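Participant: 3D model of this:
(chains A and B)
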Amino acid sequence: MDEAPEILVVGAGVSGLACARELARADWRVRLLERARGVGGRCATRRVEGQPVDIGVAFLHGRDPGFLSALDEVAGARAQWPEEIRGTGRPCQPEAYQPGERRLAFADGVSAFPRHLAEGLDVRCEAPVEALELDGARPRVRLEGGAQEEAPTVVLAVAPEQAQRLLATAASPPPAVASVQALLAMARSDASLSLAALYPAGRPAPPWHVSHPEASSVLQLVSHDSGKRTSPRHLALVYQAHPRWSREHLEDPDWPDLLLDEAARLLGAWARAPAHRHPHRWRYARTARSDELAGPVLTRLPGGGRLGICGDRFARGGGVEAAWLSGRALAGRILAGEDG
Amino acid sequence: MSEGADALERLVERDQDHECNGYGPSRVCVRVVAVADLPTRTGPFRIVGFWNNRDGKEHVAMVHGDVVGEAEVAVRLHSECLTGDVMGSLRCDCRDQLTEGLRALLGQPCGVLLYLRQEGRGIGLINKIRAYALQQRGLDTVEANQALGFRDDERDYAVAAHMLKSLGIRSVRLITNNPEKIRQLGQYGVDVAGRIPHVIPPNEYNRFYLETKARRSGHLLELAARRLPEQGDPVVVAGMDGAEGLA
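Facilitator: Sure thing, here's the model as predicted:
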């Protein structure tokens, strides 16, 4: 484990984990550097009052056979979920998932998937990367606090905006990196303000798993989170705001209250007053379908090192499936010795 | 199907119950669903519409003469390029390649142009426009283009191979300057009996290829080299170095 890594992966979300796992399977020494305390990124489950609540991705869905079999390898109870879907959202919103896709939820929360992917990998959590050096023979990353790590290949598996910011820290970026930066700048991620709300026991559960309100410019999705749990103590709902509303209210400290006001308007006055709440700001929640790219980036640096970029924008179909596919595709290109 | 249905029209009826294991890794399968006469500025053709099981792309074949059950049919593959084919863009030579491809077929006893709806070779129109925007900024876009999707798409060949099979074509003479296309089609079981070089007559727009080739250096050559490989076929203009050898 303490041997110098051959690959450094910045970001231990699903994409970075999928990439690292594939490389580790081929006996490469891989180290992941993750800013947060745990793995998974937006595939996130928090315990609120002891009950698991999915505060990012509400459920997993996809059609790629490789992705589906990766989901099958995860231990623990699961269910086809959501089965009851109410509403179609506003007409301008794309479908979250396509008919014919498999969809499922884990009883322990969606983070069971990234935790499974991370098994056996060298993951350093609470290791935020703040700068890159790309001009030496080996690309280097500098961590907050000054520590440095280096490897012949560095992979950025973070949101495109975060990758852009890291690339901007590199002194005199080579032309290939400048073109990648221009590519990243061509689209931006949607934000999502999300609020997990737990209601007192006894509150009747709604007759749907997921609701896409048609008549709201605030709420994009309400997930009946406790509907995924085997014996939930609380009714848990997760409210996700529309991309535009989220962007406009990112810095508004009152957004959780505004979201609950809207929930009360749509569901009934009871929804206004949860017993417990857990707000989360996803600044880079998802990529619009029109901004999807076809594949990951892998470029040779002048000093001989390689720089890879993967994430849900770098594959078709969006979401966790695209994140996983792009990570695996990048690992495939690294293993094949490709670079641009 | 009516009494007088010809060989192409009978394919529609035949394919109503078509089942197969699909072609290529994504198991793509196509069916002939519509046939009609299509007079064009280049000459008279018949157009055959195909449905496929993987996406909403409606691929078509432009057919000259009787091809069903024939061997050594002249075949040209053309990937959809809205900017070139329709708008007459000078960022590529797609319109010339298309028009000259159709014209070349008319000079043969029979032939087919497969018009594959893989805009920008599968990357989609919007990402192609993004690629142009990067190019316009003078950036070395190789890796960015790869992320945008410019690459050889295996599915092109799987679709093409299935379309040729659906048309009952026994063997083909491929109109191309790219031997890789012959190999790829061969992998999907197409019997490639020969190759016809694809040579475009010079005109005011592609004359710069001739000039750059003649100079063998300089800015123009760089421009040519930076072009996106939309048709996956090296441009050969009559009069250009090497064109005689090919023709």
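
Participant: A:E161 versus whichever residue of chain B sits closest to chain A, what's the distance?
Facilitator: Nearest residue of chain B to chain A (Cβ to the nearest Cβ) works out as B:G149 at 3.0 Å. In this view, the C-beta of every residue, glycine as well, is placed from N, C-alpha and C. B:G149 sits 21 Å away from A:E161 when distances are taken as Cβ to Cβ, to the nearest Å.

Participant: again with A:P279
Facilitator: Computed as Cβ to Cβ, the A:P279 to A:E161 distance reads 21 Å.

Participant: same question, A:E34
Facilitator: Distance, A:E34 to A:E161, by Cβ to Cβ: 17 Å.

Participant: show me where chain B has helices.
Facilitator: B:7-15, B:94-106, B:119-122, B:125-136, B:142-148, B:154-166, B:179-187, B:207-215, B:219-226, B:243-246 (DSSP state H).

Participant: list the contacts of the second one.
Facilitator: With contact meaning Cβ atoms under 8 Å, 6 or more residues apart in numbering or on different chains, helix B:94-106 is reached by B:40, B:42-43, B:45, B:62, B:64, B:74, B:76, B:78, B:81, B:83-85, B:88-89, B:111-113, B:175, B:196, B:198-201, B:203, B:205-206, B:230-231, B:233, B:235.

Participant: ends of stretch A:57-75, how far apart?
Facilitator: Criterion Cα to Cα, to the nearest Å; first-to-last residue distance in stretch A:57-75 is 19 Å.

Participant: please see if it touches chain B.
Facilitator: No: on the criterion Cβ under 8 Å from any Cβ of the partner chain, stretch A:57-75 is out of touch with chain B, staying 10.3 Å away.

Participant: how about the residues of the stretch 51-200 of chain A that lie near chain B?
Facilitator: Applying Cβ under 8 Å from any Cβ, one finds that the stretch 51-200 of chain A approaches chain B through A:P175, A:A176, A:A178, A:S179, A:V180, A:A182, A:L183, A:M186.

Participant: which of those residues count as buried?
Facilitator: Buried by 16 or more other Cβ atoms under 10 Å in any protein chain shown: A:A176, A:A178, A:S179, A:V180, A:A182, A:L183, A:M186, out of those.

Participant: next, format those as a markdown table and append secondary structure, pLDDT and distance to A:I85.
Facilitator: Output for those, formatted as a markdown table (DSSP: H, G, I helix; E, B strand; the rest coil; pLDDT from 0 to 100; distance: Cβ to Cβ, whole Å):
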| residue | secondary structure | pLDDT | distance to A:I85 |
| --- | --- | --- | --- |
| A:A176 | helix | 84 | 44 |
| A:A178 | helix | 89 | 44 |
| A:S179 | helix | 87 | 41 |
| A:V180 | helix | 91 | 38 |
| A:A182 | helix | 90 | 39 |
| A:L183 | helix | 91 | 35 |
| A:M186 | coil | 87 | 33 |
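
Participant: and the two most separated of those?
Facilitator: Spatially, the most separated pair among those is A:A176 and A:M186, at 16.3 Å (Cβ to Cβ).

Participant: can you tell me the SS state at the residue of chain A found nearest chain B?
Facilitator: In chain A, the residue that lies nearest chain B is A:A294 (3.0 Å; Cβ to the nearest Cβ). Classification of A:A294 using DSSP: H, G, I helix; E, B strand; the rest coil returns coil.

Participant: is it true that A:V39 touches A:A112?
Facilitator: No: taking contacts as Cβ atoms under 8 Å, A:V39 lies outside contact range of A:A112: 11.2 Å.

Participant: B:E70 contacts B:R173, doesn't it?
Facilitator: No: here B:E70 lies out of contact with B:R173, judged by Cβ under 8 Å, at a distance of 11.0 Å.

Participant: show me what contacts the most centrally placed residue in chain B?
Facilitator: The centroid of chain B falls nearest to B:H78 when counting by Cα atoms, centre = their mean (1.4 Å). Residues near B:H78 by Cβ under 8 Å, 6+ apart: B:C94, B:Q97, B:L98, B:G101, B:L113, B:L114, B:Y115, B:L116, B:Q231.

Participant: would you mind measuring from the second one to B:R173?
Facilitator: The reference is to B:Q97. 17 Å.

Participant: the two: which is more packed in?
Facilitator: Neighbours per residue, other Cβ atoms under 10 Å in any protein chain shown: of B:Q97 and B:R173, the larger number sits with B:Q97, 23 against 17.

Participant: relative to B:I47, how far out is that one?
Facilitator: Counting by Cβ to Cβ, the gap from B:Q97 to B:I47 is 18 Å.

Participant: so what's residue 237 scoring on pLDDT?
Facilitator: I'll assume chain A. Reading off the confidence values, A:L237 has pLDDT 98.

Participant: meant chain B actually
Facilitator: For B:V237, the model assigns a pLDDT of 73.

Participant: same question, the one 4 residues further on
Facilitator: Per-residue confidence (pLDDT) for B:D241: 56.

Participant: could you do the one 3 residues further on as well?
Facilitator: As predicted, B:E244 sits at a pLDDT of 48.

Participant: for the residue nearest to A:G40 when sequence neighbours are not counted, give me phi and psi.
Facilitator: Among residues not flanking A:G40 along the chain, A:P114 sits closest, at 3.5 Å (Cβ to Cβ, 6 or more residues apart in numbering or on different chains). Per-residue torsions, A:P114: phi -60, psi -30 (degrees, to the nearest 10).

Participant: check contacts around A:P114.
Facilitator: By Cβ under 8 Å, 6+ apart, A:P114 lies in contact with A:A12, A:G13, A:V14, A:L17, A:V39, A:G40, A:G41, A:C43.

Participant: so which of those is the most crowded?
Facilitator: Highest neighbour count within the contacts of A:P114, by other Cβ under 10 Å: A:V14, with 33 neighbours.

Participant: low pLDDT regions in the stretch 201-340 of chain A?
Facilitator: A:339-340 (pLDDT under 70).

Participant: show me where it has its helices.
Facilitator: A:243-249, A:255-267, A:319-335 (DSSP state H, counting those that start in this stretch).

Participant: so what's A:A79 bridging to?
Facilitator: Per DSSP bridges, the residues bridged to A:A79 are A:A105.

Participant: what residue ranges in chain B score low on pLDDT?
Facilitator: B:1-4, B:120-123, B:140-141, B:150-155, B:203-230, B:232, B:234-235, B:239-247.

Participant: which phi and psi does B:I169 have?
Facilitator: Dihedral angles for B:I169 - degrees, to the nearest 10 - are phi -80, psi 130.

Participant: burial of the closest residue to the residue of chain A closest to chain B other than its chain neighbours, as a residue count?
Facilitator: Spatially, and ignoring its direct neighbours in sequence, A:A294 is nearest to B:G149 (3.0 Å; Cβ to Cβ, 6+ apart). Using other Cβ under 10 Å, B:G149 has 22 other residues around it.

Participant: what does A:G62 give?
Facilitator: Counted by other Cβ under 10 Å, the residues lying close to A:G62 total 24.

Participant: A:D257 now?
Facilitator: Applying other Cβ under 10 Å, I find that A:D257 has 14 neighbouring residues.

Participant: contacts only, for A:L23.
Facilitator: A:I7, A:V30, A:A331, A:I334, A:L335.
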